[in-house]
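[1] here is the input, now give the coordinates:
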Amino acid sequence: MWHTLRSFAWAALAAGLASCAVLGLLAAVYERFFFDLRLAELAQRLPGDAAEALSRPGETGVLIAVSLALASAAWYRGMIDLLVVAVLTQPARALNALWKALIDRPRPDATLLDVREGAEGNGCPGGPASSPALVFGLLLFVGLTRLSGVPRTVASILALTLIASVGLSRVALGVHWPSDVLGGWIFGGTTLGALLVGVRAVIGRDHGYVADDPDTAGGSSIQRTPDRRRRPGADPRGGPARAELP
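    A predicted model of the protein is given here:
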């Protein structure tokens, strides 16, 4: 199972990197895509107060708190890989600014959209979309791979809802085009994938994200130690039991 998951992870990471490259190249050439203006006008039907409320989960303080909570849970459960990834999500957020500077795409013009919030810098990939995709994406990963039943469903739906709502709010506030948000989601997800694959490769499978291959663990992800308790009449060297003299 692990070999299949590893192949899928590398394939997904390669697809994410390719998507980032293609979208970044197009965004560097075009200030907006053909669908951006229409979708942004639809998003701006959302009232300003509601858009501001939806954007709050993407604030730095909230993201740091979520990362710390995930790191604490990973430390408590002994998942060293996940602990390292949770800690690295915060410095990894700075990579978005570097990629954004290389693309150098302007934000929406006030003559085209109702810009309801002041924002500086370039537009693509959207940082408030990239950071939640990175941090809440880790919550989604934990929900899908480490939880089951109702907690798994709740964690997954919560993570997806927060990622989507923060991205929508940035378009509704007029500070990003929909393609900026799409680029942020792809960049954040790809960054998370790189962290997961990279940390897994460096640390190894001793404290892995998922259970080891059952074929190499006797049908279970837990290695069982033999019962070495001595039975009556057993040979202390581990041989078969000796017959007792009458």
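
[2] what's the offset of the lowest-mean-pLDDT helix or strand in the chain from the middle of its chain?
    Lowest by mean pLDDT, DSSP states H and E among the helices and strands of the chain is helix 2-29, with a mean of 83. Distance, stretch centre to chain centre, for helix 2-29: 14 Å (Cα atoms, centre = their mean, to the nearest Å).

[3] could you do stretch 115-126 as well?
    Worked out by Cα atoms, centre = their mean, stretch 115-126 lies 23 Å from the chain centre.

[4] report the mean confidence score over that stretch.
    On average, the pLDDT along stretch 115-126 is 84.

[5] kindly report the same for stretch 75-83.
    The predicted model assigns stretch 75-83 a mean pLDDT of 90.

[6] buried sites along that stretch?
    For stretch 75-83, burial by neighbour count (16 or more other Cβ atoms under 10 Å) applies to 79-83. C-beta coordinates here come from the backbone N, C-alpha and C atoms, glycine included.

[7] could you check how far the closest residue to residue 114 other than its chain neighbours is from residue 120?
    Nearest residue to residue 114, sequence neighbours excluded (Cβ to Cβ, 6 or more residues apart in numbering): residue 174, at 5.3 Å. In this view, residue 174 and residue 120 are 14 Å apart by Cβ to Cβ, to the nearest Å.

[8] more neighbours: the two, which one.
    With neighbours defined as other Cβ atoms under 10 Å, residue 174 and residue 120 compare such that residue 174 has more, 23 against 6.

[9] wait, the more buried one touches residue 109, no?
    No - counting by Cβ atoms under 8 Å, residue 174 stays clear of residue 109, with 9.6 Å between them.

[10] how about the CA coordinates for stretch 117-126, as PDB?
    Provided in PDB are the C-alpha atoms of stretch 117-126 (Å, rounded to 0.1, in the frame of the first residue of the first chain):
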ATOM      1  CA  GLU A 117     -10.600  46.600   1.100                       C
ATOM      2  CA  GLY A 118      -7.200  48.200   0.800                       C
ATOM      3  CA  ALA A 119      -4.500  45.800  -0.300                       C
ATOM      4  CA  GLU A 120      -1.000  46.300  -1.600                       C
ATOM      5  CA  GLY A 121       1.400  44.200  -3.700                       C
ATOM      6  CA  ASN A 122       0.800  41.800  -6.600                       C
ATOM      7  CA  GLY A 123      -2.200  39.600  -7.100                       C
ATOM      8  CA  CYS A 124      -1.300  36.100  -8.200                       C
ATOM      9  CA  PRO A 125      -1.100  33.700  -6.500                       C
ATOM     10  CA  GLY A 126      -3.400  35.100  -3.800                       C
END
